[in-house]
Structure formats: C-alpha cells, structure tokens
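Asks: I need the structure of the sequence given here:
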Amino acid sequence: MSPSKTNTNMSSSKSKISLTNPSIPLNSLILVTGCNGLLASHVADQLLSAGYRVRGTVRNPNKCFYLTSLYSSRHGDPGKFELVEISNVTAPNAWDEAIKGVAGIVHCVGATDLTIQEPDSAAKEELEWQVGLLEAAKRAETVKSFVFTSSAWALWMPDARRKVTLTEQSWNEKALALARDKNADPKKKGMAGFMALKTLVEQGVWQWVEREKPGFAFNTVLLDTVLGECLDPKNQGIPSTPGMVHWIWENKHMAIIDLMELQWFVDCVDMAKVYVAALASSPEVDRKRLFAFGGRYSFKEVVRLLGEMYLERKEKLGKPKKEGWDQTEVPNQRAEKLLKRVGQEEGWTRLEESVRANAESILTLERQGGMGAPQSTYAR
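Replies: Presented below is the predicted three-dimensional model:
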C-alpha cells in the first residue's frame, strides 16, 4: 500500500475550526503578515473562522482589496478584517503602526528566491528586518504569542535513498556546508543556498528569542510542500507549491518537477489550523518547532490521483520521472495534536483530498480566468 493511502479515516469535508479556552481571547486582533500569499491567506481565513479579528499586511493594498470581499463573503462581518500597507519591510520601525493593539502575530513573510548562492550575506540582510518585527512585538507589550514561518529545508536536504530521523534539534548542516563550499560545482549545489538561508534565518530568530527572552510565547512552524485549495484563484492564481500541481495539469516545467526530491506534504487548511492552534495554546505550546508534515507524497502519485479523478485529463498530464517514497521519519505528532485540538479529530488530511482540492482550484481558475500558475525561477 502506498504511503498516501495509509490514513483512511479522513472524512470528505474538514471540520470547522473550534477553540476551547484559547490563551488569546476570541475577538482579539491578530496580525498576519503577507496576507495575500497562499499561506497567510489561509491563516487569516482560519483565524476569522475561529472568531478572531485580523489585520493583514501587504505591500500594496490597492492590489489586494479582493481579500476584504473574499473574507466578507466567507465570514460575514467585513469589520473583522483590515488591510494595512507595509511597502518596505526593511524601513526603520516598519512594523510599529501595524502592530498596535494586536494580541498575536502570525509571520508568513520570508525569502522566496530559490537561486540564492550567498546564504550568509542573504541571511544577515533578512534577519535585520525579521528581528525588527520581533523587537517591535516586544516593545508593543500587547503581544501574547508569535508564530514564525520556517521551512522543512531548514531541517534537512531530502533524499529518498537515505533513512533519516529528524528531531526538533535537527538543522540542515549539509546544505550549509555545500552552499559555503567555494570549490563545489554550482550545478551540484542546486537549491542548497536557499536551504542554507532558511536554516540561518530560523537559527537567527531563535538566538534572538533565547537572548532577549520576550514575554510572549514563540513557536516556529516548519512547512514541507503545501498542497490543496487556493481561496481565490481568480485573484491569487495557483500560487506557491500548489502551482506545481498546475504545472503537471498543463504539462509545463516538468524538468523542474523532476528536480524536486520526494518528501512530505501538508494540506493548506491543516497548515493554517496548526498556526491558529499554536498561537492560542500558550503556555503549553511555547518555544517549540512544530512540524507541519501531513504525509509522504510523490508527483508520480499526484499524477495517478489526478488521472483517476479527472479521466478526461489523464493523457494531458505531465509525466514525472522520480520513483519511490521519502523514507524520513519526522516528529509531527505535536502539530497533529494541535490540529485535533481545534476540531479536526481525524488528523492530517490525506493526499487524495489535497490533490482534489488543488485540482478544483485549477478548474475554478480556468472558468473564471486569472493569474494562472507561478513562473519557475529556473525556467525563466
């Protein structure tokens, strides 16, 4: 039996998020950064569903007013969501106005350039503004909890040939060494520079937390490949890693798909619920690295599922080459416990459901028109 089929108890529809005795009272104001992105838009959606108010930061509110209409249509009261502009996160005191009156922060903004070759200088530059937000939160004194977005690639370089056991103490030392090796062939480095950057940035924020000892709870969420529903395909397109399913759907950029190692995935909605649960579960959940790893996947399995679900599309799909399954063992139990705590008692969503939700978003995009799939940095 393939790993995607091991969890058979997932219902066809997800339970509505529900918080019991949250450490941050409902109707409190929560700041969500980068709110027009895939991750943050889902986090804001689940926060509103749970009963919080949300202030979302974007670079240009004029391009993101669709979010106000989106959340109003999904949750009613338009006064529960507001957009604020932060056009330059590196500006002095960039976060001070946005952070006023907020009880919690979910931070989803970070580097996305997969072609980074100098991770040490890139990390130094990024940490200046990442730490700037942490310092603003500490000064504000109203912030009770802070959840920071990190990456599975801060943990390890996926390699399906190796059996690896990850822990909360794992760091991607291999990527750091490879990225810093001046004698290594740049082609063999692949995305080591980006992985090293993610490692250094998360290490840097933890060092700040250990040194400054802020009064708020602090946790990081480590995301592996995110798949599933896109909330507004017309305005958002099929962004981030769900866009790779769109590539397969249209048989584009398959050489890039074949560069991706076999690893784990997490459903968009599951991911967002973990953020909300972590935000509202201090002091029990504090100073933790939370593994948002829902299950193993391969793009070959994604294609097989799409072909079964959409027979008319089967012969048009891209054909990934990588065989097998990732063998890594991950400590994702704490994150799954949080998922169950907020009402999703069945735990992680199965790959089948995430792929279907991803495909339905693609079909919505085809009906409505919109931004489409993201361009590949390597394909430009």
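
Asks: so the closest residue to residue 223 other than its chain neighbours versus residue 334, what's the distance?
Replies: Once flanking residues are discounted, residue 223 sits nearest to residue 292: 5.0 Å by C-beta to C-beta, 6 or more residues apart in numbering. Every residue, glycine included, has its C-beta placed from N, CA and C. Shown here: residue 292 relative to residue 334, a distance of 10 Å by C-beta to C-beta, to the nearest Å.

Asks: who's more crowded, those two?
Replies: Using other C-beta atoms under 10 Å as the criterion, residue 292 and residue 334 rank with residue 292 on top: 30 against 17.

Asks: can you check the pLDDT for that one?
Replies: If you check residue 292, the pLDDT there is 98.

Asks: and what of residue 114?
Replies: Residue 114 is given a pLDDT of 85.

Asks: now swap in residue 372 and tell me
Replies: Taking residue 372 on its own, its pLDDT is 59.

Asks: now swap in residue 2 and tell me
Replies: For residue 2, pLDDT reads 44.

Asks: next one: residue 10
Replies: pLDDT, residue 10: 35.

Asks: next one: residue 151
Replies: Looking at residue 151, its pLDDT stands at 97.

Asks: now swap in residue 380 and tell me
Replies: In this model, residue 380 carries a pLDDT of 27.

Asks: all helices for the chain, in order.
Replies: 38-50, 66-75, 119-140, 173-180, 186-189, 192-212, 233-236, 242-250, 254-257, 268-279, 299-309, 333-341, 351-368 (DSSP state H).

Asks: quick one: low-confidence residue ranges for this structure.
Replies: For the chain, applying pLDDT under 70 flags the ranges 1-13, 370-380.

Asks: neighbours around residue 185, how many?
Replies: 7.

Asks: hmm, back to that, out of the helices of the chain, flag the one nearest residue 26.
Replies: helix 38-50 (7.0 Å; C-beta to C-beta).

Asks: and that closest one, what does it pack onto?
Replies: strand 29-32, strand 53-58, helix 66-75, strand 104-107, helix 268-279 (3 or more C-beta pairs under 8 Å, 6 or more residues apart in numbering; DSSP states H and E).

Asks: closest to residue 344 out of those?
Replies: The nearest among these, by C-beta to C-beta, is helix 268-279 at 6.2 Å.

Asks: give the buried residues for the closest one.
Replies: By 16 or more other C-beta atoms under 10 Å, the buried positions in helix 268-279 come out as 268, 269, 270, 271, 272, 273, 274, 275, 276, 277, 278, 279.

Asks: could you dump those residues into TSV with distance to residue 86 added?
Replies: TSV is the format used below for these (distance: C-beta to C-beta, whole Å):
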residue	distance to residue 86
268	24
269	26
270	28
271	23
272	21
273	26
274	25
275	19
276	22
277	26
278	23
279	20
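
Asks: how far off centre is stretch 192-207?
Replies: Mean C-alpha position of stretch 192-207 versus that of the full chain (C-alpha atoms, centre = their mean, to the nearest Å) differs by 16 Å.

Asks: can you pull the buried residues of that stretch?
Replies: Those would be 192-206, for stretch 192-207 by 16+ other C-beta under 10 Å.

Asks: same question, stretch 213-225
Replies: 214, 216, 217, 218, 219, 220, 221, 222, 223, 224, 225.

Asks: same question, stretch 49-68
Replies: Neighbour count says stretch 49-68 has 49-58, 61, 64, 67 buried, by 16+ other C-beta under 10 Å.

Asks: before we move on, what about stretch 116-130?
Replies: 116, 119, 122, 123, 126, 127, 129, 130.

Asks: quick check, nearest of the residues you listed to residue 106?
Replies: residue 130 (13.9 Å).

Asks: report the contact partners of the residue nearest to that closest one when sequence neighbours are not counted.
Replies: Closest residue to residue 130 apart from its sequence neighbours, by C-beta to C-beta, 6+ apart: residue 205 at 5.9 Å. Residues counted as contacts of residue 205 (C-beta atoms under 8 Å, 6 or more residues apart in numbering) are 127, 130, 131, 134, 148, 220.

Asks: distance check, residue 205 against residue 128.
Replies: 12 Å.

Asks: got it, and residue 94?
Replies: 11 Å.

Asks: residue 368: which of the helices and strands packed on helix 38-50 is closest?
Replies: Here helix 66-75 is closest among the helices and strands packed on helix 38-50 (C-beta to C-beta), at 12.0 Å.

Asks: that closest one vs helix 38-50, what angle?
Replies: Compare the direction of helix 66-75 with that of helix 38-50 by axes from the mean of the first three to the mean of the last three C-alpha atoms, to 10 degrees and you get 40 degrees.

Asks: so how far is helix 66-75 from its chain's centroid?
Replies: Per C-alpha atoms, centre = their mean, the centroid offset for helix 66-75 relative to its chain is 21 Å.

Asks: check which residues of that helix are buried.
Replies: Quick answer for helix 66-75 (16+ other C-beta under 10 Å): 67, 70, 71, 75.

Asks: can you tell me the closest non-neighbouring residue to the second one?
Replies: In other words, residue 70. residue 232 (5.2 Å).

Asks: same check on the last one?
Replies: The shortest distance from residue 75 to any residue that is not its chain neighbour, by C-beta to C-beta, 6+ apart, is 4.5 Å, and that residue is residue 48.

Asks: residue 203 too?
Replies: Closest to residue 203 by C-beta to C-beta, 6+ apart is residue 171, at 6.8 Å.

Asks: then residue 235?
Replies: residue 66 (4.3 Å).

Asks: what is the burial count for the residue lying closest to residue 101 once chain neighbours are set aside?
Replies: Using C-beta to C-beta, 6+ apart and skipping residues adjacent in sequence, the residue nearest residue 101 is residue 29, 5.5 Å away. Number of residues near residue 29 (other C-beta under 10 Å) recorded here: 19.
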